[in-house]
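Novice: let's see this in three dimensions:
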Amino acid sequence: MKWFVSAYLLLLGAGATFVVLFPGVVMIGIYLLVLPGLLLMALPPLFQWTAPPLLAWLVLHGRLGHLGAIVLGVVFMALAYGLPAMPARWAAQAHYADLTRPDVVPDRLVPEGDVRLDLPRPVWDQRPEARVGNVRPYACDAACVALLFQPGVTSVTVNKSTAVPLEAGELRPPVLDRSATTYRLLPAEVADPAAVAEPAWAHRAQVTGRYDQAYRERLAVDVRIVRAPRVERFDQRFVEADFDEGAAPGKRFAPVGRWSLARSAAYIRTVEATDGQGQVLARVRRVSVRAPLAPLVVGYGVLPHEQPHFGWFRQSWADDSAHDDLLDLGDALAAWTDLPDHDPSR
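Specialist: Numbers count the residues shown, from 1 in each chain. You can find the predicted model right below:
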């Protein structure tokens, strides 16, 4: 029996180590016949859960008896796999609570003054004549167009919301990057032809709604959207952002050690509207924080932004609500304002 258990632990340990070091073999096995890949995937957790009691039996069964040695191995396994994960889980729960904010859904918002749109993926104005040196400006999409036609709006500045700063759990406006562009609506007779912009109509078209054609007709006849000197101070700001709080600028995901026992960076997805003083007028925010399971479990993962790998399985603390459909700025503007019902021909 001892020889069998020793051989089992040696072979299983060697196989588990090989698979952890070369996780790509799991994908090869799945592509071939599926079952070999599943068996290879099961080697590390199988070794994790069977090695402690079997090792305890090998070393201590002569003193504690068969059952006593196995029970001691199970107790040791529970403590060794359970306790180390607890600090990270407590930290993840506390951090999740710090970043979570209640939804603020207004009856109606009235856009006015100099408005800023911070977008996670603003559209580039690809026209060669729109370039300023080597800089491509961000285009004025359908939401920008609809805002410019509001009676109280004087300008709309389009910026990128990458790596949004957090301060005490609240979003702070990111720095205007070099492609941030301010647009104004001017009568056709005074608009500089060289500054006239071509809207990106296909993006956030739900804001222009059924009056999409009316906007196009007005812009073809008596008014023009033009690029203007960039505004630095704003009366209202609308932001859509999705980011890891620890991500480098330009990156959505922050690196997390696969075998780390620390909590992950929080992933935040939010749509917010604030006034010029930073007062929240509307907000829908979703937060997710991950930490290793307790007890620790070795798992196999393949995510879009990562290579196949083994590591500790993680649990997410996340939230959702009836307002998740407003996590797109176009949908939020359509719900919070009268933009879709505004007829620009009047």
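Novice: CA only for contacts and neighbour counts going forward, please
Specialist: Fine.
Novice: so where is the protein shaky, pLDDT-wise?
Specialist: For the chain, the stretches flagged by pLDDT under 70 are 163, 246-256, 302-307, 321-322, 346.
Novice: list the buried residues for stretch 121-141?
Specialist: Residues 122, 123, 125, 130, 136, 137, 138, 139, 140, 141 are the ones in stretch 121-141 that count as buried (16 or more other CA atoms under 10 Å).
Novice: in the sheet, who's paired with residue 132?
Specialist: Under the criterion DSSP bridges, residue 132 forms beta bridges with residue 135.
Novice: please shift the residue numbers so they start at 843 in all later answers.
Specialist: Noted, 843 is the first residue going forward, which turns the last one into residue 974.
Novice: did I read that right, residue 1116 in a strand?
Specialist: Yes: assessed by DSSP: H, G, I helix; E, B strand; the rest coil, residue 1116 belongs to a strand.
Novice: all strands for the protein, in order.
Specialist: Shown for the chain, the strands assigned by DSSP state E span residues 955-961, 995-1002, 1008-1009, 1012-1013, 1023-1029, 1065-1070, 1078-1086, 1109-1117, 1122-1134, 1140-1143, 1151-1154, 1156-1160.
Novice: want to throw the buried residues of stretch 963-983 into CSV with distance to residue 932?
Specialist: Output for these, formatted as CSV (distance: CA to CA, whole Å):
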residue, distance to residue 932
964, 37
965, 40
967, 46
972, 51
978, 45
979, 44
980, 42
981, 44
982, 44
983, 43
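Novice: related to what we said a few turns ago, of the strands of the chain, which is nearest residue 884?
Specialist: strand 1140-1143 (8.5 Å; CA to CA).
Novice: ok, back up a step: would you reformat the strands of the chain as JSON lines and include distance to residue 943 and mean neighbour count?
Specialist: Formatted as JSON lines, the strands of the chain follow (distance: least, CA to CA, whole Å; neighbours: other CA atoms under 10 Å):
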{"stretch": "strand 955-961", "distance to residue 943": "20", "mean neighbour count": "23"}
{"stretch": "strand 995-1002", "distance to residue 943": "23", "mean neighbour count": "25"}
{"stretch": "strand 1008-1009", "distance to residue 943": "13", "mean neighbour count": "10"}
{"stretch": "strand 1012-1013", "distance to residue 943": "9", "mean neighbour count": "15"}
{"stretch": "strand 1023-1029", "distance to residue 943": "30", "mean neighbour count": "21"}
{"stretch": "strand 1065-1070", "distance to residue 943": "36", "mean neighbour count": "22"}
{"stretch": "strand 1078-1086", "distance to residue 943": "15", "mean neighbour count": "23"}
{"stretch": "strand 1109-1117", "distance to residue 943": "10", "mean neighbour count": "21"}
{"stretch": "strand 1122-1134", "distance to residue 943": "7", "mean neighbour count": "22"}
{"stretch": "strand 1140-1143", "distance to residue 943": "30", "mean neighbour count": "18"}
{"stretch": "strand 1151-1154", "distance to residue 943": "29", "mean neighbour count": "20"}
{"stretch": "strand 1156-1160", "distance to residue 943": "12", "mean neighbour count": "18"}
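Novice: need the contact list for residue 1048.
Specialist: The neighbourhood of residue 1048, defined by CA atoms under 8 Å, 6 or more residues apart in numbering, consists of 1172, 1173, 1176, 1182.
Novice: tabulate those residues (JSON lines), appending distance to residue 866 and neighbour count.
Specialist: Shown next, in JSON lines, are the contacts of residue 1048 (distance: CA to CA, whole Å; neighbours: other CA atoms under 10 Å):
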{"residue": "1172", "distance to residue 866": "41", "neighbour count": "19"}
{"residue": "1173", "distance to residue 866": "41", "neighbour count": "17"}
{"residue": "1176", "distance to residue 866": "46", "neighbour count": "20"}
{"residue": "1182", "distance to residue 866": "50", "neighbour count": "19"}
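Novice: nearest to residue 905, of these?
Specialist: Among these, residue 1173 lies closest to residue 905 (CA to CA), at 69.3 Å.
Novice: so residue 883 makes contact with residue 1140?
Specialist: No: contact status for residue 883 versus residue 1140: not in contact, 9.8 Å apart, counting by CA atoms under 8 Å.
Novice: what's the end-to-end length of stretch 974-990?
Specialist: End-to-end distance for stretch 974-990: 23 Å, by CA to CA, to the nearest Å.
Novice: so which residues make contact with it?
Specialist: So stretch 974-990 is in contact with 953, 959, 964-968, 972-973, 995-998, 1000-1001, 1020-1023, 1025-1027, 1039-1047, 1049-1050, 1057, 1067, 1172, 1175, 1181, going by CA under 8 Å, 6+ apart.
Novice: do the same with stretch 1050-1070
Specialist: Applying CA under 8 Å, 6+ apart, the external contacts of stretch 1050-1070 come out as 984-985, 987-988, 1023-1031, 1033-1034, 1037-1040, 1047, 1181-1187.
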